[in-house]
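Asks: Next one to model:
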Amino acid sequence: MSSESQKTHLPSLLSFLLLLLSSLPKLASPSSSDSFVYGGCSQQKFIPNSPFQSNLNSLLTSLVNSAYFSSYNNFTITASDPASPVSGLFQCGGDLDQSDCAECVQHSVSQLGILCLYSAGGTLQFQGCFVKYDNTIFLGVEDKTLVLKECGISAGYGTDLLSRRDEVLTGLGCGSGLFRVGVSGYVQGMAQCVGDLDSGQCSDCLLEAIERLRGGCGAAVSGDIYLGKCYVRFSAGGVSTKAHNQQEKNSEAGKIVAIIIGLLAGVGLIIVFLSFLRKVFEGTKGEEVSSSEKEDDQTNTKGLQKKEGKVFEGTKGEEVSSSKSPSKKEDDQTNTKDLQKKKRKGV
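Replies: Sure, this is the predicted structure:
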């Protein structure tokens with residue numbers, strides 16, 4: 001594997017793992033007031049920068065500001081355009097103090113802006129607060145639609161859990177006020193209605209929720225049920241359904257994190273090992289190339305020396321031949337003159 005290939009694949013792998021880590025369940029405290037319970041958005045959309053969006057922004061700002069002073073409030077905004085009204089409300093848990101209420105509503109409103117972008121209606125239920133807005137009329141209207149039901153593990157039918165649970169649930173149904181609590185031994189219960197319902201509507205909603213909870217959770221140690229405008233929950237021994245489910249999610253998330261960390265460590269070791277092999281291979285190859293280059297240099301040097309020797313010998317031969325040539329010519333001239341003298345004497 002080349003260094004360029006490693007550089008290309010490593011960021012992609014890390015991006016994938018980071019994306020996987022970011023998708024894991026949030027390891028938050030089960031008792032956190034801003035723990036997510038459920039949410040939903042209307043299918044109808046509004047046009048960005050329209051009068052409706054201006055009214056919606058004013059509404060959400062009013063909800064956040066009001067949460068610093070009260071645990072419930074509702075508004076209907078028509079300022080920018082009476083033809084594009086929008087209504088909204090927030091409801092904090094009766095066991096939440098004012099500062100936690102304000103923080104929960106603020107967080108909920110900010111999340112609604114992301115969850116229900118450009119939606120004409122949106123609902124978000126956290127553990128400690130409820131926020132809703134819509135362009136349809138819903139204030140003061142009873143809503144017993146089942147939104148969410150969760151049951152804890154079964155404790156079996158050989159204990160007094162069922163009798164204690166029924167005692168708590170009956171007390172919640174017969175109580176008064178929008179926020180109600182009940183206790184029977186080790187079983188605790190809580191119920192609440194949204195503040196726009198009157199006492200009769202609230203009791204009607206809670207009785208519906210209680211019947212669904214009794215029939216749907218059997219001998220479970222805990223249960224939570226949310227209808228459109230009210231909720232009821234119970235737990236045995238202080239173990240709530242939300243806490244139990246969150247612990248299971250956290251346990252699974254911990255296992256996944258451990259696996260991913262192991263994978264990251266393994267990938268890191270592989271990359272280091274491959275990098276080491278690449279460096280060793282390149283070092284060995286470099287030594288071979290260097291040795292080959294030295295041998296070629298020595299061979300070229302010897303060849304060049306031989307060529308220079310031959311050239312030197314050739315030049316020397318030419319000098320000797322040149323030095324002998326004039327003497328030979330002089331001898332030839334002397335012999336010619338002697339021959340001519342002899343011929344003259346003979347004549």
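
Asks: hey, where'd the helices end up in the stretch 101-250 of the chain?
Replies: With DSSP state H, counting those that start in this stretch, the ranges of helices along the stretch 101-250 of the chain come out as 161-174, 199-217, 241-346.

Asks: looking at those helices, which one has the lowest mean pLDDT?
Replies: Among the helices of the stretch 101-250 of the chain, helix 241-346 carries the lowest mean pLDDT, a mean of 55.

Asks: mean confidence for stretch 87-103?
Replies: Stretch 87-103 comes out with an average pLDDT of 95.

Asks: Mind listing what's buried along that stretch?
Replies: When burial is assessed from 16 or more other C-beta atoms under 10 Å, stretch 87-103 yields the following buried residues: Ser87, Gly88, Leu89, Phe90, Gln91, Cys92, Gly93, Leu96, Asp100, Cys101, Ala102, Glu103. C-beta coordinates here come from the backbone N, C-alpha and C atoms, glycine included.

Asks: Just the element for the third one, please.
Replies: It refers to Leu89. Here Leu89 sits within strand 86-92, counting by DSSP states H and E.

Asks: Sheet-wise, list the partners of that strand with their directions.
Replies: strand 72-77 (antiparallel), strand 129-134 (antiparallel) (DSSP bridges).

Asks: With distance to Ser176 added, can I get the ones you listed in a markdown table?
Replies: Formatted as a markdown table, these follow (distance: least, C-beta to C-beta, whole Å):
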| stretch | distance to Ser176 |
| --- | --- |
| strand 72-77 | 17 |
| strand 129-134 | 21 |
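
Asks: closest to Lys45 out of those?
Replies: Across those, Lys45 has its closest neighbour in strand 129-134 (13.1 Å, C-beta to C-beta).

Asks: Tabulate the CA atom coordinates of that closest one in CSV.
Replies: C-alpha atoms of strand 129-134 as CSV (Å, rounded to 0.1, in the frame of the first residue of the first chain):
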residue,chain,number,x,y,z
CYS,A,129,-41.8,19.9,29.7
PHE,A,130,-44.2,19.8,26.7
VAL,A,131,-44.2,22.4,23.9
LYS,A,132,-46.7,22.5,21.0
TYR,A,133,-47.6,25.0,18.2
ASP,A,134,-50.0,24.8,15.2
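
Asks: buried ones in it?
Replies: Neighbour count says strand 129-134 has Cys129, Phe130, Val131, Lys132, Tyr133, Asp134 buried, by 16+ other C-beta under 10 Å.

Asks: What are the contacting residues of it?
Replies: Contacts of strand 129-134 with the rest of the structure, by C-beta atoms under 8 Å, 6 or more residues apart in numbering, involve 33-34, 42, 56, 59-60, 63, 67, 86-93, 96, 101, 104-105, 108-109, 112, 120-124, 138, 194.

Asks: pLDDT value on the residue nearest to Val105 when sequence neighbours are not counted, please?
Replies: Spatial nearest neighbour of Val105, chain neighbours left out: Ala67 (3.8 Å); criterion: C-beta to C-beta, 6 or more residues apart in numbering. pLDDT recorded at Ala67 is 96.

Asks: Return the distance of Ala67 relative to Gly128.
Replies: Taking C-beta to C-beta, to the nearest Å as the measure, Ala67 and Gly128 are separated by 11 Å.
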